[in-house]
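Undergrad: quick one: sequence plus predicted model below, questions after.
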Amino acid sequence: MASWWSEAGARKRRRAVVDTAHEPFHLLAGADASPVLLHVPHSSRVIPASVRDGILLDDPALAAELGHITDGHTAELAAMAAAASSVRPWQFVNGLSRLVTDPERFPDDREEMLAVGMGAVYTHTTHREPLRPADVDHQPLIDRWFRPYAEAMTMAVAERLEAAGRAVVLDVHSYPTMRLPYELHGDGPRPPICLGTDASHTPEDLLAAAREAFAGFGATGLDSPFAGVYVPLRFHGTEPRVSALMIEIRRDLYMEEPGGPAGPGLGALADALARLVDAVSAA
């Protein structure tokens with residue numbers, strides 16, 4: 001789940017920090033010395049009007065799809081965890097729905113989710129129904145939304161390396177209790193907490209800290225039903241100082257499915273994530 005990277009594009013940007021509510025992504029500052037970056041890519045339901053015009057679903061169907069595909073309340077979860085942490089982590093939060101573009105996909109034929117119409121630009125829904133016209137040109141969406149996000153995320157990691165000497169990307173996700181038709185690998189276990197890993201970037205001590213932090217929620221599984229981590233391609237497989245872990249939380253732990261309100265489990269999960277942040281910061 002490595003991210004796209006444009007060296008030339010990144011050189012044009014001064015910093016990755018974005019602090020206005022109208023931007024498509026936000027880097028929320030943490031402690032200067034913190035190595036931790038909480039990445040929240042799929043929490044938003046916002047779709048710009050220009051993008052909405054290219055989606056085939058009517059408003060009720062789109063609302064239903066957003067309920068299925070959005071990692072509801074994960075931005076709030078990350079914010080609560082950041083506030084509760086002894087050393088405040090940085091947060092990189094997508095301000096747009098993944099139905100605009102999905103920043104955690106490859107924007108080319110390396111992406112396996114193209115098989116179900118869910119590459120960087122989705123053409124199909126979670127139930128494999130058409131989302132966009134078959135002949136839609138993906139490139140304007142990639143250029144407008146996907147590449148700037150990837151460049152900013154790359155810079156955010158680079159800044160943690162410069163400031164703290166290391167970077168730890170904790171990818172905050174959630175997933176539905178019941179398998180959805182789009183899932184390519186959904187026939188395996190669906191534990192309360194799924195930890196996605198990468199052989200080059202997920203050290204054993206990071207896994208152990210996550211297992212301990214989330215021990216109170218029952219079984220913790222690895223790479224099922226979702227696998228991998230998010231590491232910008234600039235660093236993937238080449239920079240050992242970048243560690244990463246994907247945290248997939250089964251939605252019945254904290255919210256009403258699909259797309260409903262958060263429940264009391266949200267606070268407990270935020271406390272667990274804060275414990276993980278503290279353990280990583282102190283390592």
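TA: Right, received. Where do you want to start? Numbers count the residues shown, from 1 in each chain.

Undergrad: from here on, contacts and neighbour counts on C-alpha atoms
TA: Fine.

Undergrad: pLDDT on stretch 220-228, on average?
TA: Model confidence over stretch 220-228, given as mean pLDDT, is 97.

Undergrad: what of stretch 154-168?
TA: The predicted model assigns stretch 154-168 a mean pLDDT of 98.

Undergrad: doesn't Ile249 lie inside a helix?
TA: No - according to DSSP: H, G, I helix; E, B strand; the rest coil, the state of Ile249 is strand, so it is not within a helix.

Undergrad: what sits against the closest residue to it other than its chain neighbours?
TA: Residue nearest to Ile249 in three dimensions, not counting chain neighbours: Ser174, with 4.3 Å by C-alpha to C-alpha, 6 or more residues apart in numbering. For Ser174, the contacting residues are 71-72, 74, 247-251, by C-alpha atoms under 8 Å, 6 or more residues apart in numbering.

Undergrad: and for Ala209?
TA: Contacts of Ala209 were listed using C-alpha under 8 Å, 6+ apart, and they are 276, 279-280.

Undergrad: quick check: the residue nearest to Ile249 is in a strand.
TA: Yes - read with three-state DSSP, Ser174 is one of the residues of a strand.

Undergrad: how near is it to Ala79?
TA: Distance of Ser174 to Ala79, given as C-alpha to C-alpha, to the nearest Å: 15 Å.

Undergrad: what segments of the stretch 151-283 of the chain are strands?
TA: If DSSP state E, counting those that start in this stretch is used as the criterion, the strands of the stretch 151-283 of the chain fall at 167-175, 193-196, 220-222, 242-250.

Undergrad: now those as CSV including distance to Val93?
TA: CSV is the format used below for these (distance: least, C-alpha to C-alpha, whole Å):
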stretch, distance to Val93
strand 167-175, 10
strand 193-196, 19
strand 220-222, 24
strand 242-250, 15
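
Undergrad: and these: which comes nearest Ala150?
TA: Of all the strands of the stretch 151-283 of the chain, it is strand 167-175 that lies closest to Ala150, at 13.8 Å by C-alpha to C-alpha.

Undergrad: ok and the closest one relative to strand 242-250, angle-wise?
TA: Taking axes from the mean of the first three to the mean of the last three C-alpha atoms, to 10 degrees, one finds that strand 167-175 is oriented at 20 degrees with respect to strand 242-250.

Undergrad: pull strand 167-175 out as PDB, backbone CA atoms only.
TA: The C-alpha atoms that make up strand 167-175 are tabulated as PDB, following Å, rounded to 0.1, in the frame of the first residue of the first chain:
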ATOM      1  CA  ALA A 167       9.000   8.200  11.400                       C
ATOM      2  CA  VAL A 168       6.300   5.900  12.400                       C
ATOM      3  CA  VAL A 169       3.100   5.900  10.300                       C
ATOM      4  CA  LEU A 170       0.100   4.500  12.100                       C
ATOM      5  CA  ASP A 171      -2.700   4.100   9.500                       C
ATOM      6  CA  VAL A 172      -6.100   4.500  11.200                       C
ATOM      7  CA  HIS A 173      -8.900   2.500   9.400                       C
ATOM      8  CA  SER A 174     -12.100   0.600  10.200                       C
ATOM      9  CA  TYR A 175     -13.900  -2.200   8.400                       C
END
